[in-house]
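Enquirer: Fold the stuff below for me.
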Amino acid sequence: MTDYGKPLQPTSTSIPGLVVWDLPVHGDNRGWFKENWQREKMTAAGLEDFGPVQNNISFNDAVGTTRGIHAEPWDKWVSVATGRIFGAWVDLREGPTFGAVYTCEIDPSRAIFVPRGVGNAYQTLEPDTAYTYLVNDHWSPDASYTFLNLADETAAIAWPIPLDRAELSAKDAAHPRLADVTPVAPRKTLVLGANGQLGRALRAEFGDAAHVEYATRADLDLTAPDLVTARRWRDYDTVINAAAYTAVDAAETPEGRRNAWAANVTAVGALARLAAAHGLTLVHVSSDYVFDGTGSRPYTEQDALCPLGVYGQTKAAGDAIVATVPRHYIVRTSWVIGEGKNFVRTMASLAERGIDPKVVDDQTGRLTFTSDLARGIHHLLSTQAPHGVYNVTGAGEPTTWADVARRVFELTGYDPARVTGVSTDDYFAAADGPVAPRPRNSVLDLGKISDTGFTPTDAADSLADYVS
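Expert: Residues are numbered from 1 along each chain as shown. From the prediction side, this is the model:
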């Protein structure tokens, strides 16, 4: 008799993401009992909550009943209620492990987590075997399925009962060989705000891979009521929200306030609900403006939010919403420079035109170039860093805006002494129109992102490269 006293224990396999689990089974004179799926215990043991929504059971009368090899666009939690199976799994996903095979026996004391894109098959070893599996999407005839022949020579599965003596369907026997199988593409990544400065940098970072999509507001309006049906969201894994209202000063006007709250809060709320409902990873770009800048040290990810103006208030509200999504990255940054109109280009233009600017010298921070920000986002996703809040800015010594302006003058061959430093108060007093309050200290601590293995580029080096 099988020993049903095993502890809850995961065991990795040769196929990435395919994990065998030993399940405690408690027996007595009446029979046995087990917790076949227990979210709290299993997530604590290392299995991410994959959000099952449907439970299926396949009952098999005869020994040698063989089914598969099927790869569906969802994850599976496979177990046996009665009987015993020989299970076989083939990696049909794009990548270096395409075609990898893993086999093992499954009885009531074992289960296996099968990630999307891994082909699943089994052969019954006992009569009256009840094969059961949880999935995290509802079955649909429109979903994309991938099949592999049970007798494929490359996979060379050592079936305990030869297939010519097994019970299998004509359909399963006619599936294609591995050489004719189109690998299952990764779940899609959707980049919102694709035409913005960060959106263009993300396109350069992620490239034009088939599983990466780029969308503007014209492609996907987050305030539209049909957002939920706009796409088959189960085909997506990640949404990167690089869209935002960033007109800091205009946000202080009545119209700007409405627009800022619509883009930075209402739309973000819709996106967060979508991500939570479909198990998506949501990457949201935030700002140093969520702090009031009165602190004397760099701000960490744990510091309390205390925004000054409307823009900062909307970003802080957006952060609070995104933090409710189970799989989220809130990426806080500061002083962003990318393609298009920005502070560095403005200073270079003034230098060339012979205009001597007055620039604030009591606001301190670090420049962040969009290429570095995009690289940081890619790093968090590719390394599967723990979800949460991360500061991502340029590295190096903090500077003031006046320091940056002088350096731009110098790099473009002009006298940096032409730049005059002024206080924020004087700048406000001389402004023509509304000016949003700004944090005096915008320096963000980079310890947490560095601990994940990411090395931010020195802002001074990035500035020199950018100007050249």
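
Enquirer: Residue 257: which element?
Expert: Per DSSP states H and E, residue 257 falls inside helix 254-261.

Enquirer: who touches the helix or strand that that helix is followed by?
Expert: Taking DSSP H and E as the definition, the helix or strand that follows helix 254-261 towards the C-terminus is helix 267-278. Helix 267-278 has contacts (Cβ atoms under 8 Å, 6 or more residues apart in numbering) with 192, 222-223, 227-228, 233-234, 236, 239, 241, 243, 280-282, 284, 318, 321-322, 324-328. C-beta: built from backbone N, CA, C; applies to glycine.

Enquirer: and the least confident helix or strand in the chain by mean pLDDT, what other elements does it pack with?
Expert: Sorted by mean pLDDT, DSSP states H and E, the helices and strands of the chain end with helix 424-430, the least confident at a mean of 86. Helix 424-430 sits against strand 358-360, with contacts defined as 3 or more Cβ pairs under 8 Å, 6 or more residues apart in numbering; DSSP states H and E.

Enquirer: List the buried residues in the strand it packs on.
Expert: Going by neighbour count (16 or more other Cβ atoms under 10 Å), the buried part of strand 358-360 is 359-360.

Enquirer: What is the distance between the helix or strand just after it and the centre of its chain?
Expert: Next helix or strand after strand 358-360 toward the C-terminus (DSSP H and E): strand 364-365. Its chain's average C-alpha position is 29 Å from that of strand 364-365, according to Cα atoms, centre = their mean, to the nearest Å.

Enquirer: Direction included, what does the very next helix or strand once past strand 364-365 pair against?
Expert: Later in the chain than strand 364-365, the nearest helix or strand by DSSP H and E is strand 368-369. Sheet pairing of strand 368-369 (DSSP bridges) gives strand 336-337 (parallel).

Enquirer: any idea how far the helix or strand that comes right after the strand it pairs with is from the chain center?
Expert: Using DSSP H and E, the next helix or strand after strand 336-337 towards the C-terminus is helix 343-353. On the basis of Cα atoms, centre = their mean, helix 343-353 sits 37 Å off its chain's mean C-alpha point.

Enquirer: about what we covered before: what average pLDDT does the helix holding residue 257 get?
Expert: Helix 254-261 carries an average pLDDT of 95.

Enquirer: what helices or strands is that helix leaning on?
Expert: Against helix 254-261 (3+ Cβ pairs under 8 Å, 6+ apart) you get helix 310-322.

Enquirer: In contact with residue 201, which residues?
Expert: Neighbour list for residue 201: 338-339, 370-371, 373-374 [criterion: Cβ under 8 Å, 6+ apart].

Enquirer: nope, residue 135 is what I was after
Expert: Listed by Cβ under 8 Å, 6+ apart, the contact set of residue 135 reads 52-54, 56, 72, 74-77.

Enquirer: Quick check: beta-bridge partners of it?
Expert: In this entry, residue 135 is beta-bridged to residue 54, residue 76, by DSSP bridges.

Enquirer: Distance of it relative to residue 347?
Expert: Using Cβ to Cβ, to the nearest Å, residue 135 is found at 56 Å from residue 347.

Enquirer: again, but for residue 427
Expert: The gap separating residue 427 from residue 347 is 15 Å, by Cβ to Cβ.

Enquirer: if you count what's nearby, which of the two comes out ahead?
Expert: Taking neighbours as other Cβ atoms under 10 Å, residue 427 and residue 347 compare with residue 347 leading, 25 against 18.

Enquirer: Please verify my assumption that the more buried one contacts residue 414.
Expert: No. With contacts counted by Cβ atoms under 8 Å, residue 347 stays clear of residue 414, the gap being 9.7 Å.

Enquirer: Just the ones of the contacts of helix 267-278 in strands?
Expert: Among those, the ones falling in strands (DSSP state E) are 192, 236, 239, 241, 281-282, 284, 328.

Enquirer: For residue 127, state which of these is nearest.
Expert: Nearest to residue 127 among those is residue 236, at 42.1 Å by Cβ to Cβ.

Enquirer: tell me the contacts of residue 122?
Expert: By Cβ under 8 Å, 6+ apart, the residues touching residue 122 are 66-68, 85-88, 106, 131.
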